[in-house]
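Trainee: Coordinates for the following, if possible.
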Amino acid sequence: MSAREFKDLDSASADQKVKQQQQPWNDIMMERKYRPHLCMVILIPFFQQMTGINFFMFFSPVLFKTLGADNNTSLKYTMIIGLVYICATLVATVVADELERRFEFLKGGFFVLILQVLVARVKYGFETNPKMDYIVPIVLVICCHVIIVETSWGPIGWLFLSEIFPVEIRSAAQSITVSVNMLFTSIVAEVSLNLLCDLKLFGLFYFFAGFVVVGTIFFYYFMPETKGKSVEEMSHVWKQHWYWGRYYIQEEEEEPEEETGGGNIQTEMSQQPWLITDEEWVLISN
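Mentor: Residues are numbered from 1 along each chain as shown. Sure thing, here's the model as predicted:
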């Protein structure tokens, strides 16, 4: 977080202490102006998990065994994928703040879709010609898949969500984000092996690719750009969006009191009686 973003957030927190909301859950669920935030906190973690990234993390040994690898080879390739995952995440933590959020989602969706279709086609070729060795190409494609996801949909999703929450709903919104993420992580872990048995590997990747297509279309039409935007500026961003603007109701802002600067003495005297001199009090009393 940059110094400017921290200052903006600290200023927003200070302002919120004056008009603190005591019902963040009621606000985010019921108020129309928070409808964009509610949709984002549910759909972004959902689409993150439906890239299939955790299928590789959880079941890559099973995947490589289906390709004919032994236990040691399966674990070796799994370790390689894990190291790629760590390196990609470390790189993302350094460069993520400099990237355009919406563009990274669109770029990531495009390349992830290509890689998933490629893995599906390679695995389909293995099943039609099992004598050929497809393990190394699939490992390379999976590593590229991990790099793309962990430098786009993965970290950028969390960064984007942290930038759109106003202070009054931040606690509830972050709770929903983490809960949805954990929920679909569990669902993917629970059903992936069954889907692998029913759809085969190439069918499973087509399954994930379908969700990537839907997610990319959603981000194209409904995700605003938040790079360089403060918490206060996000209300204007939502207001100007072609779709979310119909839900977002801008809070009425109190007009600051204008300083008179001594231009209207009569008004100042009527509003501030202590400005009247002793001689004027004598004239008034007489």
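Trainee: mind checking the longest helix of the protein?
Mentor: Using DSSP state H, we find that the single longest helix of the chain is helix 170-222.
Trainee: helix or strand right after that one?
Mentor: Next along the chain after helix 170-222, taking DSSP states H and E as the criterion, comes helix 234-240.
Trainee: quick one: that following helix to chain centroid distance?
Mentor: 17 Å (C-alpha atoms, centre = their mean, to the nearest Å).
Trainee: what comes up buried for it?
Mentor: For helix 234-240, burial by neighbour count (16 or more other C-beta atoms under 10 Å) applies to 234, 235, 237, 238. Yep, even glycine has a C-beta here, placed from its N, CA and C like the rest.
Trainee: swap in stretch 29-47?
Mentor: Buried positions in stretch 29-47, judged by neighbour count with 16+ other C-beta under 10 Å: 31, 33-38, 40-47.
Trainee: now swap in stretch 160-178 and tell me
Mentor: For stretch 160-178, using 16+ other C-beta under 10 Å, the buried residues are 160-170, 172-173, 176-177.
Trainee: Taking these together, which two end up most distant?
Mentor: For these, the farthest-apart pair by C-beta to C-beta is 160 and 168; their separation is 19.0 Å.
Trainee: For the residue nearest the centre of the chain, give me its contacts.
Mentor: Geometric centre of the chain, nearest residue: residue 157, 2.9 Å, by C-alpha atoms, centre = their mean. Under the criterion of C-beta atoms under 8 Å, 6 or more residues apart in numbering, the contact list for residue 157 reads 44, 45, 48, 105.
Trainee: Ok, residue 243 next?
Mentor: Contacts of residue 243 (C-beta under 8 Å, 6+ apart): 221, 222.
Trainee: On the pLDDT front, check it for me.
Mentor: Predicted confidence (pLDDT) at residue 243: the value is 92.
Trainee: And it, its phi and psi?
Mentor: phi -110, psi -50 (degrees, to the nearest 10).
Trainee: separation between it and residue 81?
Mentor: 38 Å (C-beta to C-beta, to the nearest Å).
Trainee: what does residue 65 give?
Mentor: Taken as C-beta to C-beta, the span from residue 65 to residue 81 is 14 Å.
Trainee: which of those two has more neighbours?
Mentor: The neighbour comparison of residue 65 against residue 81 (other C-beta atoms under 10 Å) goes to residue 81, with 19 against 14.
Trainee: count of residues packed around residue 57?
Mentor: For residue 57, the count of nearby residues is 16 (other C-beta under 10 Å).
Trainee: Not counting its neighbours along the chain, what's nearest residue 109?
Mentor: Leaving aside its sequence neighbours, residue 109 sits nearest to residue 216 (C-beta to C-beta, 6 or more residues apart in numbering; 3.1 Å).
Trainee: so where is the chain shaky, pLDDT-wise?
Mentor: Within the chain, the set of residues satisfying pLDDT under 70 comprises 1-22, 123-133, 248-286.
Trainee: What segments of it are helices?
Mentor: Secondary structure of the chain by DSSP H: the helices cover 3-18, 24-30, 35-49, 53-66, 71-95, 101-128, 135-150, 153-164, 170-222, 234-240, 265-271, 278-285.
Trainee: tell me which residues of the second one are tucked away?
Mentor: Spelled out, that is helix 24-30. Result for helix 24-30 [16+ other C-beta under 10 Å]: buried residues 24, 27, 28.
Trainee: Identify, from those, the entry nearest to residue 55.
Mentor: Using C-beta to C-beta, those come closest to residue 55 at residue 28, 30.7 Å.
Trainee: show me what contacts that closest one?
Mentor: Counting by C-beta under 8 Å, 6+ apart, residue 28 makes contact with 34, 37, 38, 169, 172, 173, 176.
Trainee: Go ahead and confirm the third one touches residue 30.
Mentor: Which is residue 38. No: between residue 38 and residue 30 there is no contact under C-beta atoms under 8 Å: 9.8 Å.
Trainee: Number of residues surrounding residue 114?
Mentor: 16.
Trainee: any idea how far residue 166 is from it?
Mentor: For residue 114, the distance to residue 166 equals 37 Å [C-beta to C-beta].
Trainee: try residue 83
Mentor: With C-beta to C-beta as the criterion, residue 83 and residue 166 are 39 Å apart.
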